[in-house]
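> What follows is a protein structure lacking sequence information:
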């Protein structure tokens, strides 16, 4: 005999499903591009990474079908990657300016992403991601920007379809 468990509406939405079945998502499959150093405002520590990652997952409502690529510079790789879940694609960039950003952008195959995903999340405020956001949109993808503790460029802000803010952004803005 099989027992049927009825989930409440909040429990269903927390698991990214609709009432018909767990295998049917209510939103497009998402490709997440995460500039971790920007989200934590350059202060990479295990606690800051865990806090930002937890909130990122809640705001984006990540699902098991999503794919996430996270990049940091070589100097922060051990600290950041040990604080993150194991199921992420990791990219290590050079220690210079925009090193992790360039490595992250180079890791994105726009044609493959457009063929396999319905939307893209760019978790950064850096201007270097603006051309990538525009190319993704030209390929039919909805682009969402997640803004954390780092500065946010106007070019990237305008290049994305919508923005979501981590709570730490509001705290930083108040201080």
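That came through, no problem. Because the structure is predicted, anything quoted here is derived from the model rather than measured.
> Can you tell me the element residue 146 falls in?
Residue 146 is part of strand 142-147 when elements are defined by DSSP states H and E.
> Strand partners (parallel or antiparallel) of that strand?
Strand pairing for strand 142-147, determined by DSSP bridges: strand 119-123 (parallel), strand 162-165 (parallel).
> These: which one's closest to residue 65?
strand 119-123 (12.1 Å; C-beta to C-beta). Where you see a C-beta, it was placed from the backbone N, CA and C, and this is true even at glycine.
> Assign residue 125 to helix, strand or coil.
coil (DSSP: H, G, I helix; E, B strand; the rest coil).
> Now do residue 33: how many residues are near it, please.
26 (other C-beta atoms under 10 Å).
> returning to that earlier point: give me the contact list for the strand holding residue 146.
Residues outside strand 142-147 that contact it (C-beta atoms under 8 Å, 6 or more residues apart in numbering) are 28, 39, 56, 59-60, 118-125, 133, 136-137, 152, 156-157, 159-166, 169.
> Over to stretch 120-135?
So stretch 120-135 is contacted by 30-36, 38-39, 56, 60, 98, 101-102, 105, 108, 110, 113, 136, 141-148, 150-153, 155-160 (C-beta under 8 Å, 6+ apart).
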